[in-house]
Structure formats: C-alpha cells, structure tokens
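In: Below are the sequence and a predicted model for it; my questions follow.
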Amino acid sequence: MCYGTHFTTPGNIASAASIIREAIDAGETFRAHSFESACARNEIDHRLTRPRHPWTNGQVERMNRTIKDATVKRYHYDSHAQLRAHLADFVSAYNFARRLKTLRGLTPYEAICKAWSAEPSRFRANPLHQMPGPNI
C-alpha cells in the first residue's frame with residue numbers, strides 16, 4: 001500500500017490500475033501516472049487510503065528511522081557493498097524473525113503465509129517457497 005500524492009494522479013479517489021490493465025489488454029493507447037502504470041503492468045492491486053489519517057501518518061517515516069538506527073547510526077561501513085549486505089541481513093531478520101503487534105504477534109512472513117492459506121488465488125507464487133535456508 002502506498003501513501004502520498006506522488007503515487008497516483010492528483011484527485012484520484014481509487015486506483016486506475018484495472019482500467020490501465022484493460023487498455024493494455026485491448027492494445028489501446030492511454031495516459032497514466034507512471035506508478036499506476038507500473039502497478040498495472042505487474043498486476044499489482046494498488047489500493048489508496050485517505051490522506052492525513054492516524055493509521056497512515058508517519059508509518060514510512062517510522063520504518064525509515066528504524067532502519068537508519070539499525071544500520072548507519074550504529075555502524076561504520078567501508079564500502080557501499082558492506083552497507084547493502086547489512087541492510088539485506090536486517091530486512092531478512094525483520095521479515096522472518098520480528099514479531100509485530102500490528103500483525104497480532106506474527107512475523108511479516110507468517111502473516112503472508114496465513115493470508116496465502118486463506119486466499120491462495122491472490123498470490124502468484126507460494127510464499128512457503130521463499131523461506132531462506134538450506135533450500136536456497
């Protein structure tokens with residue numbers, strides 16, 4: 001889910017991804033916001049929320065601060081590759097090990113697997129195949 005007017009045409013109250021997909025399938029010429037066009041081309045359901053609501057305000061900023069605190073504020077990196085490797089390790093640990101209150105104590109990976117077992121038609125690939133470990 002994306003927040004901010006830079007992710008959609010100003011004034012939109014709903015995503016145009018389905019209309020764009022229809023135009024692409026029909027071979028028609030169309031004009032669209034680049035983000036919505038990318039969502040349509042990749043079959044991503046772009047959902048919009050109303051701006052300036054407590055459940056959306058600051059979520060991205062809080063996550064960016066968490067990442068910054070865990071990486072560049074705490075460690076010195078000799079190269080950009082070192083930072084990238086540490087960032088990839090942080091994201092993996094967060095997605096597969098961090099239990100979140102907003103997900104009722106599940107990790108993001110567990111929440112995705114739970115959603116997949118409830119509605120597998122919403123997914124392109126089985127998330128159980130994305131688990132890191134000896135199978136990779």
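Out: In hand now; what should we look at?

In: Can you show me the helices along the protein?
Out: 17-26, 34-41, 59-70, 80-97, 108-118 (DSSP state H).

In: closest one to Arg124 among those?
Out: Distance to Arg124, taken as CB to CB, is lowest for helix 108-118 among the helices of the chain, at 10.6 Å. C-betas here are computed from N, CA, C, even on glycine.

In: Report the inter-axis angle for that closest one versus helix 80-97.
Out: 50 degrees (axes from the mean of the first three to the mean of the last three CA atoms, to 10 degrees).

In: CA-only coordinates of helix 108-118 in CSV, if you can.
Out: Provided in CSV are the C-alpha atoms of helix 108-118 (Å, rounded to 0.1, in the frame of the first residue of the first chain):
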residue,chain,number,x,y,z
PRO,A,108,5.6,-10.5,8.4
TYR,A,109,6.5,-13.8,6.7
GLU,A,110,4.0,-15.7,8.9
ALA,A,111,1.3,-13.2,8.2
ILE,A,112,1.9,-13.6,4.4
CYS,A,113,1.7,-17.4,4.8
LYS,A,114,-1.5,-17.1,6.8
ALA,A,115,-3.0,-14.9,4.1
TRP,A,116,-1.8,-17.3,1.4
SER,A,117,-3.5,-20.3,3.1
ALA,A,118,-6.8,-18.3,3.4
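
In: buried stuff in that helix?
Out: Neighbour-count burial for helix 108-118, with 16 or more other CB atoms under 10 Å as criterion, is recorded at 108-113, 116.
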